[in-house]
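Asks: The following block contains a protein sequence and its predicted model.
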Amino acid sequence: MQSQDVASHRAPSATDPVVDVEQAEAALVEHYPRLVRLAYLVLPPDLGRGRRVLTAHALVQRALPRNRTAAPLIPTQSAGRGSDPGYALVRLRIVRTALDASRPLGRRAWPRRAQLPPLLPQVWGLKLFPRPGGAGELALDRRLAGLSGPARAAYALRGLDRLPDPDVRRLLKAAGVADAGAALREADEVGGPYALLGSPEFDPCSLQARPTDLMRRRRHTRAALVAGASLVVCGALLGLPGDGWGPDGAAAPAYARNPAAEAALDPGRLVRVGPAAWRTSARTDFSVWPARGDLTGDEELLRRALAVWARPGGTVRVSATPGTPTGAPAGPPQLLYAGDVDNARVVVLNDGLRLVRYAEPRDGAAGAALDLARADGAGRAGANAVVLGRTDGNVRYLTAPWVTKAAERDLAKPGSGTTDLDLTDGVTSPLASPVERAGACTSWNVLQLTDGSRTRLMSDLGELVPARLTTGRPGGAEDVSGAGALRVWAPYACSLGAVRGQGVRSVNAWEFAAQPLPDGSGSGAWVCTRAETWRGAGARVMAQFRTPGGERGVVTARAQDVPACGERDPHVLAGVLWKSKGGHWYLLAAGSRDTRSVEATGGISGFADGNLLTAVGERGAQAELKGTLENGRTISGLR
């Protein structure tokens, strides 16, 4: 039995806030990516990823009310800036229509609008779908596919908007769900990690594009062109994989010929560097890595890798870090590795701008994968390792020729010591990957590499190149190697999951202030973590606060594409509402050491000379922070 419209479940109340169309539009535009992600998660997976993307955008774009409308009294988030009636209204309309789309078509009833393919938006000639995630995202997607529509909605509202169960229950009832309690119980079976909902796997606004069925489109042209196209198709089919790999493997058919492009894809012209070139070269980066692996002489494998790079077919799983072009190389690339890795044959190439990893199964001819990542400008510290493969939650690396020792370390437990990893022709034995693990974060395994007397830590963030970890004031940051640096990083190790899949080059943790707590229970530590990307833009900054005895830091502010906490602007100001053991609320704010004064205005007022401010507050109060540096410049709180 289909649920009734929301109006039959709950009449508008005089206490409900009234939302203008303009207010609803502003909320929709501001939170568009989050709302589309919510619709995508609630929609039934059997629609297919391409249709789910377009339907999610259509539902969000149709969520505006026609006139002034009463909004439900349901908070937008359990923690944050408070409730926005405009956001609450459009979110309710999106959840309701997405649930309508999840219901099967009835034989005797007219289909609802949400159950039909969207009229707009439409994309002709292309298939759009989100970028693929890792093993954790795939497992979560399968579990969500087994849930009912209301249960998927409950899980998404918990994970994306962090709504508590009472608010989720109220919203589902307002959306027409007859048994919201059953939906919550069903969502409980999936469990965490909710953080995976923020990954590119579930982001309908960050998409990959592939052509639609080119042959079907070609058959609608004139008869003469159809005949010519048929000859081309028949020739191409001879090279496609059947019982085994064809000459070009899983590459798409090549219709046009270009001499320069063909030279770049000739395995005989691959650049191969000698094993000792790095010892005398003026550069120590990926360009001086020797070609390693037991299949560097397998020209058929190398030909397939180059062809798939240039023309990935529809069956190839392609991933690229943000800002990484996916086109073919401009000239013959450099071969870094070709060999067997667990159950796959792997080829790693470098064209000066990008690292490319091609992988195909050792048995069979299906399931090829192509991963691309920016790696330009990598020095000796950044060109230490490349991911060769991930299997059963573990990861293997190919290390630089100058690496003499590799080990595994738990970044969250600085006193736990290290576990040595075997190095065979530069390939490490497998170590547990932190991004492949499901459930709550209790540890974070990193790769520790030794180059002579220097030791560096690299963290897997689900990409081809691990991120370098540093600590210290921006401009003077150093590698995490000593006991003090390890203690600084330990409480904030799990926050690395927030920058997964963003093309991160390095992450620095800077302890910029220590603040005495007003109840005399000790001092809290302020740390700023800044993740720099290979493309330069898109840096992510988080201010975190940890009280004495706390195992983990709490994120108090975050920002993107700002210079704060970086080498160009080594300053930061952040604040947090803190409750003492006696039940009193305080605003704690801190700036970097060269902050001359800190002022709070708005819901809490206060002023302090120096870089630390403590002011009496109350629960839920909001304040604006302003700091004055020693040179007279003013800075605002990180946000």
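Replies: Looks like it arrived, so ask away.

Asks: quick one, strands of the stretch 501-639 of the chain?
Replies: If DSSP state E, counting those that start in this stretch is used as the criterion, the strands of the stretch 501-639 of the chain fall at 504-516, 523-533, 540-546, 554-560, 573-579, 585-591, 595-602, 606-609, 612-616, 623-629, 634-636.

Asks: Specify the residue ranges that define each domain of the chain.
Replies: In the assignment given by automatic domain parsing, the structural domains of the chain cover 6-209, 223-374, 385-570.

Asks: Do a quick rundown of the helices in the stretch 1-150 of the chain.
Replies: Chain-ordered helices for the stretch 1-150 of the chain, with DSSP state H, counting those that start in this stretch as the definition, fall at 6-9, 21-30, 32-42, 49-61, 85-102, 135-145, 149-161.

Asks: looking at the ones you listed, which is closest to residue 68?
Replies: Go through these one by one with C-beta to C-beta and the one that ends up closest to residue 68 is helix 21-30, at 7.2 Å. (Each C-beta comes from the backbone N, C-alpha and C, glycine too.)

Asks: elements contacting that closest one?
Replies: Helices and strands in packing contact with helix 21-30 are listed as helix 85-102; criterion 3 or more C-beta pairs under 8 Å, 6 or more residues apart in numbering; DSSP states H and E.

Asks: Now the helix it packs on - C-alpha only, CSV.
Replies: Provided in CSV are the C-alpha atoms of helix 85-102 (Å, rounded to 0.1, in the frame of the first residue of the first chain):
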residue,chain,number,x,y,z
PRO,A,85,13.7,26.3,7.8
GLY,A,86,14.5,26.7,4.1
TYR,A,87,16.9,23.8,4.1
ALA,A,88,14.6,21.7,6.3
LEU,A,89,11.7,22.2,3.8
VAL,A,90,13.6,21.4,0.6
ARG,A,91,15.2,18.4,2.3
LEU,A,92,11.8,17.0,3.3
ARG,A,93,10.4,17.4,-0.3
ILE,A,94,13.5,15.7,-1.7
VAL,A,95,13.2,12.7,0.8
ARG,A,96,9.5,12.4,0.0
THR,A,97,10.0,12.4,-3.8
ALA,A,98,13.0,10.1,-3.6
LEU,A,99,10.9,7.6,-1.6
ASP,A,100,8.2,7.9,-4.3
ALA,A,101,10.8,6.9,-6.9
SER,A,102,11.7,3.9,-4.8
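
Asks: per-residue confidence averaged over that helix?
Replies: Here the mean pLDDT over helix 85-102 is 88, rounded to a whole number.

Asks: what does stretch 385-399 give?
Replies: Taken as a whole, stretch 385-399 has a mean pLDDT of 94.

Asks: same question, stretch 52-72
Replies: Across stretch 52-72, pLDDT averages out at 82.

Asks: do stretch 444-452 as well
Replies: Rounded to a whole number, the mean pLDDT of stretch 444-452 is 93.

Asks: Could you do stretch 411-420 as well?
Replies: Confidence for stretch 411-420, expressed as mean pLDDT, is 92.

Asks: measure the closest residue in space to residue 288 that isn't next to it in sequence to residue 376 for me?
Replies: Using C-beta to C-beta, 6 or more residues apart in numbering and skipping the chain neighbours, the partner closest in space to residue 288 is residue 278 (4.0 Å). From residue 278 across to residue 376, the span is 18 Å (C-beta to C-beta, to the nearest Å).

Asks: Residue 301 now?
Replies: 26 Å.

Asks: again, but for residue 481
Replies: From residue 481 to residue 376 the distance is 26 Å (C-beta to C-beta).

Asks: Which of those two has more residues huddled nearby?
Replies: When neighbours are counted by other C-beta atoms under 10 Å, residue 481 and residue 376 differ, and residue 481 comes out ahead with 17 against 14.

Asks: Quick check: the gap between that one and residue 424.
Replies: As for residue 481, its distance to residue 424 is 25 Å (criterion: C-beta to C-beta).

Asks: and what of residue 434?
Replies: If you measure residue 434 against residue 424 using C-beta to C-beta, the figure is 23 Å.

Asks: ok, now residue 323?
Replies: Residue 323 sits 33 Å away from residue 424, taking C-beta to C-beta as the criterion.

Asks: okay, these two: which has more neighbours?
Replies: Legend: neighbour count by other C-beta under 10 Å for residue 323 and residue 424, higher for residue 323 (15 against 8).

Asks: list the contacts for that one?
Replies: Shown here is residue 323, whose contacts under the criterion C-beta atoms under 8 Å, 6 or more residues apart in numbering are 374, 503, 533, 534, 535, 537, 538.

Asks: Please determine how far it is located from residue 373.
Replies: Per C-beta to C-beta, residue 323 is found 10 Å from residue 373.

Asks: Overlap in contacts, the two.
Replies: When contacts are counted by C-beta under 8 Å, 6+ apart, residue 323 and residue 373 have 503, 534 as shared neighbours.

Asks: Quick one: the helices in the stretch 401-550 of the chain, in order.
Replies: According to DSSP H, counting those that start in this stretch, the stretch 401-550 of the chain carries its helices in the segments 483-489.

Asks: in it, which segments are predicted with low confidence?
Replies: Along the stretch 401-550 of the chain, segments meeting pLDDT under 70 span 438.

Asks: measure the closest residue to residue 126 other than its chain neighbours to residue 363 for me?
Replies: Residue nearest to residue 126 in three dimensions, not counting chain neighbours: residue 209, with 4.9 Å by C-beta to C-beta, 6+ apart. For residue 209, the distance to residue 363 (C-beta to C-beta) stands at 31 Å.

Asks: the more surrounded of the two?
Replies: For residue 209 and residue 363, the more surrounded residue by other C-beta under 10 Å is residue 209, and the numbers stand at 11 against 6.

Asks: Do me a favour and average the pLDDT over the helix or strand hosting that one.
Replies: Under the criterion DSSP states H and E, the helix or strand holding residue 209 is strand 207-211. When pLDDT is averaged along strand 207-211, the result is 71.

Asks: Residue 559: neighbour count?
Replies: Residue 559 is surrounded by 19 other residues when neighbours are defined as other C-beta under 10 Å.

Asks: residues contacting it?
Replies: By C-beta under 8 Å, 6+ apart, the contact list for residue 559 reads 540, 541, 638, 639.

Asks: excluding its backbone neighbours, what's nearest it?
Replies: Distances taken as C-beta to C-beta, 6+ apart place residue 541 nearest to residue 559, at 4.9 Å, with adjacent residues excluded.

Asks: residue ranges of the helices in the stretch 151-300 of the chain, please?
Replies: Applying DSSP H, counting those that start in this stretch to the stretch 151-300 of the chain gives helices spanning 165-174, 180-188, 214-218, 223-237, 259-264, 277-280, 299-310.

Asks: give the contact list for the residue nearest to residue 570 when sequence neighbours are not counted.
Replies: Taking C-beta to C-beta, 6+ apart, and ignoring the residues beside it in sequence, residue 570 has residue 474 as its nearest neighbour in space, at 4.0 Å. With contact set as C-beta under 8 Å, 6+ apart, residue 474 has these partners: 508, 510, 530, 565, 566, 567, 569, 570.

Asks: For those residues, give me CSV that also has neighbour count and distance to residue 51.
Replies: Formatted as CSV, the contacts of residue 474 follow (neighbours: other C-beta atoms under 10 Å; distance: C-beta to C-beta, whole Å):
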residue, neighbour count, distance to residue 51
508, 24, 42
510, 23, 46
530, 25, 39
565, 26, 42
566, 19, 42
567, 14, 45
569, 13, 45
570, 19, 48
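
Asks: For these, which two are the farthest from each other?
Replies: When these are compared pair by pair using C-beta to C-beta, the farthest-apart members prove to be 508 and 569, with a separation of 13.4 Å.

Asks: picking up where we left off before, can you tell me which of the strands of the stretch 501-639 of the chain comes nearest to residue 154?
Replies: Judged by C-beta to C-beta, the one of these that comes nearest to residue 154 is strand 554-560, at 24.7 Å.

Asks: Quick check: neighbours of that closest one in the sheet, parallel or antiparallel?
Replies: Partners of strand 554-560 in the sheet, by DSSP bridges, are strand 540-546 (antiparallel).

Asks: Thanks again, I'm all set now.
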